[in-house]
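Chemist: Need a 3D model of the following:
(chains A, B and C, ligands or ions: 2)
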Amino acid sequence: MAVNPDEPYRKQSGLLEVEDLTAGYGAAPVLHDVRFTVRPGQIVAVLGANGAGKTTLLRALSGLVEADHGRIVFDGEDLRDVKVEQMVRRGIAHVPEGRGVVTELTVDENLRLGGLWRRDRADAARALDEVYDLFPALAQRRASAGHQLSGGERQMLALGRALIGRPRLLLLDEPSLGLAPRITAQILALLRELRDRTGLAVLLVEQNVRSALSVADEGIVLSLGRVVTRNSAADLRDDADLRHAYLGF
Amino acid sequence: MTDVREKRATEAVQSKAFKRKKTPHPIWYAVAGAVLVAALTHYLPPFRNYQLATVGAYFTVTAGLTVLTGLNGQLSLGHGALMATGAYTFALAQNRWLALPLSFAAALLVTTLAGVVIGLAAARLRGPYLAGLTLAVAVVVPSVTSTFDDTFNSDMGLSIALDPPPGAVAMEQWQAWLCWTGALITALLLAVLVRGRFGRDLRAVRDDETAARLAGVHVARTQVLAFVVSAACAGLSGALFAVLAQSVSPGAFPLTLSLFLVMAIVIGGLGRLAGALCGAVLLVALPALAQTAGERSGSQRLEGNLALVIFGVVLVVVMLAAPGGLASLRLSTIFRRKR
Amino acid sequence: MDRFFYLTFDGLSRGAVYAAFALALVLIWRAARIVNFAQGAMAVAAVYVAYSVTGATGSYWLGFAAALVFGLLLGIAVEKAVMRFVDHSSPLNGVVVALGLVLITQGVLGMVYGNEYRPVTTPFRRDAFDVGGIALLSRYDVFVFAAVGAVVVALTLLFTRTAAGLRMRAAAFAPDVSRLLGVPVGGMLTLGWALAAAVGSLAGMLVVPTELGLHPTAMDVVFVSAFTAAVVGGLDSPIGAVTGGLIVGLLLSYVSGYLGATVAPMAVLLLLVVVLLGRPGGLFSSSKARLA
Ligand SMILES: Nc1ncnc2c1ncn2[C@@H]1O[C@H](COP(=O)(O)OP(=O)(O)OP(=O)(O)O)[C@@H](O)[C@H]1O
Ligand SMILES: [Mg+2]
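Modeler: Residues are numbered from 1 along each chain as shown, chains lettered A, B, ... in the order given. Ligands and ions are numbered 1, 2, ... in the order given. Prediction:
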């Protein structure tokens, strides 16, 4: 089944609309004319081989990588003029590849860091408690330094820290990295639950295609920095050719 | 995309040009320099000869330092102290035996030994730690003169007995010859040294220690050797300064001298002997200009300090303007290599 | 024995100043991975400002406050106007730029104030008073302890108890992640420089009266001692800086007291060499190479 990635197959205003995004490091761009949409409450999986540009895409969305041209519209505002440190105030949380736990800080400090920017101190405190309720393992390790945590605990910490900002869009880069399948499944199930409860939209980068597509509504497939396919998760799951060509299973 | 292509193109052009243009052997530069200096000293008035001599003395140390910092990546702030070591050794030897060659040899020997000691420590240190240690050397060594004031006569320093110059040669002319003999021999030896295997090792260690080690370069030995060579240069330079001033005192080797040397090698392009020469000229010319400006304005305070400010501003501006900082200042014609 | 006690207290008092100065170095190192070789010159500039203000108003304390404020502003200016633009691919770049700032500062101070030593006033007497029949420490020493103690406590509270402190630590350890969490990393860097420069100015105010007097190069030797203190404690560790400062102070005091004042700088150099070669990560760490 051929899909033309340039033609939006569902015309509906999105929370995040990316148009013709070209971005990279220095001279040669990594991403070429990427376009896709994420609607409120939607989980979109970003798939592709190693080096396809998935991480670069997330970094470009949150401003860590400068876009050469194209538009990144979030909630009607072009994000290209917004500073990285302002993204979180717009409602975008980015859990970077490798999780980005500040290993020199304690669990509690990491979590509080996620809410420091918030004016509403009371709600930030409430969100902190909610995260501790959500991840009881973290509550037990409040005073442990980040470098003392296991991989799974770090992932919970990174995710929890992002949630304290009560984001509308979560950019999640390979949450399954180095985790047992069971824990990955728990985390992905949690995303669905959050989406259902709070209307959170998620852009989920995953190597583990099967489990990503099991929670996602839609998927986009990157190859060499270009969007080669955009489709509903169910269709992607069933598309044998595509799986062979790009996803390798 | 165009950037990359352009870069490739210029690189290709440069490497072609490099292959076509065979640089003459350094000995020809040295011979030309000797002829030029001999001619200049014949025509220049005494004060200019003295300045010319000072340029030679500075060039002796900046040449060694630019090899150390530019080609081997070790930043030393202690070369002023090594110069002091050379100068004092020279003074003590000269006052004892009154034999110029012997005194120079003594100065070289002692600073080489000092270079071995500091170099051994330096080879284990990197970046700010090496800078800090050598800075400490630069600040502390002059105080040695007070500790052993029987030998070094404390802040007053020592005056040096020099035989009158041979024949009808004027003192300043004689000083210029001595200084430039030292400078040109130093530069020639350095140029020959860095053209060969040693130069390759220096750069390999600077660029990537691990890679150099894997390629069979003895990293620590290369670093110590680089330090020792540049220390010997500093020692000779110190001895030449002793000849120039006909005295030595700790005040002649303050921390600012070491900082001036860093400025001198940075501004002319790190790792280039030609750059070291430019720096040496500036070290003489700028203070002279500043002094004139100070005298004009009638402010004594301006005289000594204007040069400091100018050197500082130059150093900061050059560092900020050069993208990549020190690394980009290493473009070298004599020891050119692709970065 | 009396002499030993006296030297000990004297050493602790000196050490307190080195501790403050080393803390300033550590603050910038942690925030920006730069050893601020211009710290000494910047501190001298602040002391000159105090000298002028005190001379004009007759009040030591106005001068004292002016020095701290000036130090703060100078730190901001240096970071915003110069250090921000330094290429950090090699740690030497920052060092060389700082050295350029040393030359500029010393030159400007020499132009404005001249290159002679100027006597500075102290708010308290420097002669030691008796404690149980032994002359141990002076009112000035007590002032030094109090001032440095206050700084240490204030910095500790700032970094462990406040949002700004948490932001500064996060920005230093993980700049990209911090930005994603809304921390203005550039601003935190500026704040770090400002704090460090103010603490350095305080150290300058405390140390200059105990040395030869005010001179554009007055802090050169102090810088070496403070750098040694910071290295002894490990450049990354504020607690190490304080401990290192006290160790260096004691060493200097004992060496000057028992072997002569002119030997003291060499003792510091020796300590620096021994620590750098023997305990590369500082006395309190276990890391191996000084690759920074
Ligand atoms: N900091 C960087 N500088 C230069 N090129 C980079 C940088 N980071 C990534 N790249 C290049 O950009 C391309 C895309 O990298 P990216 O990290 O986005 O891939 P990815 O899809 O996330 O891969 P993976 O699945 O391995 O994480 C790769 O070719 C990579 O070499
Ligand atoms: Mg990736």
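
Chemist: what's the neighbour count on the residue of chain C found nearest ligand 1?
Modeler: Per Cβ to the nearest ligand atom, C:D176 is where chain C lies closest to ligand 1, at 11.1 Å. Heads up, the C-betas are built off the backbone N, CA and C, glycines and all. Applying other Cβ atoms under 10 Å in any protein chain shown, we find 15 residues neighbouring C:D176.

Chemist: What sits closest to it if chain neighbours are left out?
Modeler: A:L64 (6.1 Å; Cβ to Cβ, 6 or more residues apart in numbering or on different chains).

Chemist: check contacts around residue 157.
Modeler: Unless you meant another one, I'm taking chain A. Neighbouring residues of A:L157 by Cβ atoms under 8 Å, 6 or more residues apart in numbering or on different chains: A:R99, A:V101, A:V107, A:N110, A:L111, A:F135, A:L138, A:G146, A:L149.

Chemist: not what I meant, chain B
Modeler: B:T145, B:S247, B:V248, B:S249, B:P250, B:G251, B:A252.

Chemist: Which of the contacts of A:L157 are buried? Put it as a ChimeraX command.
Modeler: Applied in ChimeraX, the following selects the buried portion of the contacts of A:L157 according to 16 or more other Cβ atoms under 10 Å in any protein chain shown:
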select /A:99,101,107,110,111,135,138,146,149
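
Chemist: can you tell me which helix or strand the residue of chain A found nearest ligand 2 belongs to?
Modeler: Ligand 2 sits closest to A:T55 of chain A, with a gap of 3.1 Å, by Cβ to the ion. Counting by DSSP states H and E, the element that carries A:T55 is helix A:54-61.

Chemist: mind listing the strands for the stretch 101-250 of chain C?
Modeler: C:128-131, C:134-138 (DSSP state E, counting those that start in this stretch).

Chemist: Need the ones you listed in JSON lines (columns: distance to ligand 1, mean pLDDT and mean neighbour count).
Modeler: Formatted as JSON lines, those follow (distance: least, Cβ to the nearest ligand atom, whole Å; pLDDT from 0 to 100; neighbours: other Cβ atoms under 10 Å in any protein chain shown):
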{"stretch": "strand C:128-131", "distance to ligand 1": "60", "mean pLDDT": "72", "mean neighbour count": "12"}
{"stretch": "strand C:134-138", "distance to ligand 1": "56", "mean pLDDT": "77", "mean neighbour count": "17"}
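
Chemist: can you tell which of those is closest to chain A?
Modeler: strand C:134-138 (37.7 Å; Cβ to the nearest Cβ).

Chemist: so what's the residue nearest the centre of chain B closest to, chain neighbours aside?
Modeler: Centroid-nearest residue in chain B, with Cα atoms, centre = their mean: B:T62, separated by 1.7 Å. Excluding the flanking residues, the one nearest B:T62 by Cβ to Cβ, 6+ apart is B:A276, at 3.9 Å.

Chemist: I'd say the one you found and B:G268 touch.
Modeler: Yes: the criterion here is Cβ atoms under 8 Å, and B:A276 meets it with B:G268 at 6.1 Å.

Chemist: Neighbour count for those two, which is higher?
Modeler: B:A276 (31 against 24).

Chemist: Would you mind giving the secondary structure of the more buried one?
Modeler: helix (DSSP: H, G, I helix; E, B strand; the rest coil).

Chemist: for it, what are its contacts?
Modeler: B:F59, B:T62, B:A63, B:L65, B:T66, B:A187, B:A264, B:I265, B:G268.

Chemist: Try it again at 7 Å.
Modeler: B:F59, B:T62, B:A63, B:T66, B:I265, B:G268 (Cβ atoms under 7 Å, 6 or more residues apart in numbering or on different chains).

Chemist: helix, strand or coil for the first one?
Modeler: Put plainly, it is B:F59. helix.

Chemist: list the contacts for it?
Modeler: Contact partners of B:F59, counting by Cβ under 7 Å, 6+ apart, are B:A183, B:A187, B:A276, B:L277, B:A280.

Chemist: which stretches of chain A have low pLDDT?
Modeler: A:1-12, A:246-249 (pLDDT under 70).

Chemist: And the helices in it, which stretches?
Modeler: A:54-61, A:84-90, A:107-115, A:121-134, A:136-140, A:151-163, A:181-198, A:209-215, A:233-238, A:240-242 (DSSP state H).

Chemist: Send over the third one as CSV, restricted to the C-alpha atoms.
Modeler: Which is helix A:107-115. Taking Å, rounded to 0.1, in the frame of the first residue of the first chain, the C-alpha atoms of helix A:107-115 are listed here in CSV:
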residue,chain,number,x,y,z
VAL,A,107,15.5,12.0,43.2
ASP,A,108,13.6,14.6,45.0
GLU,A,109,15.7,17.4,43.6
ASN,A,110,15.3,16.1,40.1
LEU,A,111,11.5,16.0,40.5
ARG,A,112,11.4,19.5,42.1
LEU,A,113,13.5,20.8,39.2
GLY,A,114,10.7,19.7,36.9
GLY,A,115,8.3,22.1,38.7
